[in-house]
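Asker: Predicted model follows, preceded by the sequence.
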Amino acid sequence: MDLREYGRVLIRRGWIVVVVALVGALGALLFSRIQTPVYRSTIMLLAKPSRSSDYGQGLAIKNSLRQYAKQLQTKTIAQQVVDQLQLDLAPAKFLGGVEVSSDEADGTVTIAVKSPNEQMVPRMAQTLAENFVILHQQENLQMDQNDRILVNILDNATPPEKFSPKTTINVIAGAILGGLAGVLAIFIVEYIQSGYIRKPEDVERSLNLTTLGAIPNISTQATKTKPRAAAKQTASNSASAQ
């Protein structure tokens, strides 16, 4: 088929695409509705040298940021948070909702905590950050004051925001995938029926011959009606002759 034929096929069976797209969008909406909402809160730490003009300490901070990220994801510090907040979670389960990223350019560490508990998730992020700062301060006490790296909380944990499910995105994705599935279904049907001769174009394509004419379809109802009409006309003509 050429492009025009593809276009005619899509126009003729376009309702299939619409229906399948609507089904996909509805399925995505129902899937999003039955999922348990997960909320997220973030907090940021800032690492800076005790001597602002010390270039060596600046390099040390960049090298230490990855270490800080690993310390924030240890079971030891997670257990402290679980105990303080009396969470009904194992440390490993708590860490499953913790994401830590560092930025060497500005010396920051971002902590993101996810949980289905909307009210508790900011406290979880705040407590984790505070415990890390206390741990780091204890480590600083064992170092010379000029070699210390200071870690502080830039701001309190953000209010909880819904992380998942993202209903709008899911519905749009479901509609798009449904539409693509509908288009695929149309062309599969057309491929299966490609061997059928239904139109003059099918004859030309199959036999490579030009169609000169076609016999129109005559419905059964029309076939029955014509003899009756002819009989009535004959009877009428006979009566007139008498």
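Answerer: Alright, I've got the coordinates.
Asker: can you map out the helices along this structure?
Answerer: 3-12, 14-34, 55-71, 75-85, 91-95, 121-140, 167-192, 200-207, 220-241 (DSSP state H).
Asker: Give the buried residues for the fourth one.
Answerer: Of the residues in helix 75-85, those with enough neighbours to count as buried (16 or more other Cβ atoms under 10 Å) are 77, 78, 80, 81, 82, 85. C-beta coordinates here come from the backbone N, C-alpha and C atoms, glycine included.
Asker: Now do the strand of greatest length in the chain and helix 121-140, the angle between them.
Answerer: For the chain, the longest strand by residue count, based on DSSP state E, is strand 38-49. Angle, strand 38-49 to helix 121-140, by axes from the mean of the first three to the mean of the last three Cα atoms, to 10 degrees: 20 degrees.
Asker: Strand 38-49 - contacts with which helices or strands?
Answerer: helix 55-71, strand 108-115, helix 121-140, strand 149-153, strand 161-164 (3 or more Cβ pairs under 8 Å, 6 or more residues apart in numbering; DSSP states H and E).
Asker: Determine which of the helices of the chain approaches residue 154 most closely.
Answerer: Distance to residue 154, taken as Cβ to Cβ, is lowest for helix 121-140 among those, at 9.5 Å.
Asker: which stretch among the helices of the chain comes nearest residue 104?
Answerer: Going by Cβ to Cβ, the one of those nearest residue 104 is helix 55-71, 4.5 Å.
Asker: Kindly provide the whole-number mean pLDDT of the closest one.
Answerer: For helix 55-71, mean pLDDT rounds to 76.
Asker: Quick check: buried residues in that helix?
Answerer: By 16+ other Cβ under 10 Å, the buried positions in helix 55-71 come out as 57, 61, 64, 65, 68, 69, 71.
Asker: In contact with residue 18, which residues?
Answerer: Residues in contact with residue 18 (Cβ atoms under 8 Å, 6 or more residues apart in numbering) are residue 182.
Asker: Centre of the chain to stretch 72-81, how far?
Answerer: Relative to the chain's own centre, stretch 72-81 is displaced by 32 Å; criterion: Cα atoms, centre = their mean, to the nearest Å.
Asker: Report the separation between the residue positioned nearest the centre of the chain and residue 33.
Answerer: Residue closest to the mean C-alpha point of the chain, counted by Cα atoms, centre = their mean, is residue 170 at 4.7 Å. Separation of residue 170 from residue 33 (Cβ to Cβ, to the nearest Å) stands at 10 Å.
Asker: ok, the closest residue to residue 183 other than its chain neighbours - how many residues close by?
Answerer: The shortest distance from residue 183 to any non-neighbouring residue, by Cβ to Cβ, 6 or more residues apart in numbering, is to residue 17 (5.7 Å). Counted with other Cβ atoms under 10 Å, the neighbours of residue 17 add up to 19.
Asker: correct me, but residue 17 touches residue 10?
Answerer: Yes. Contact criterion Cβ atoms under 8 Å: residue 17 and residue 10 qualify, at 7.5 Å.
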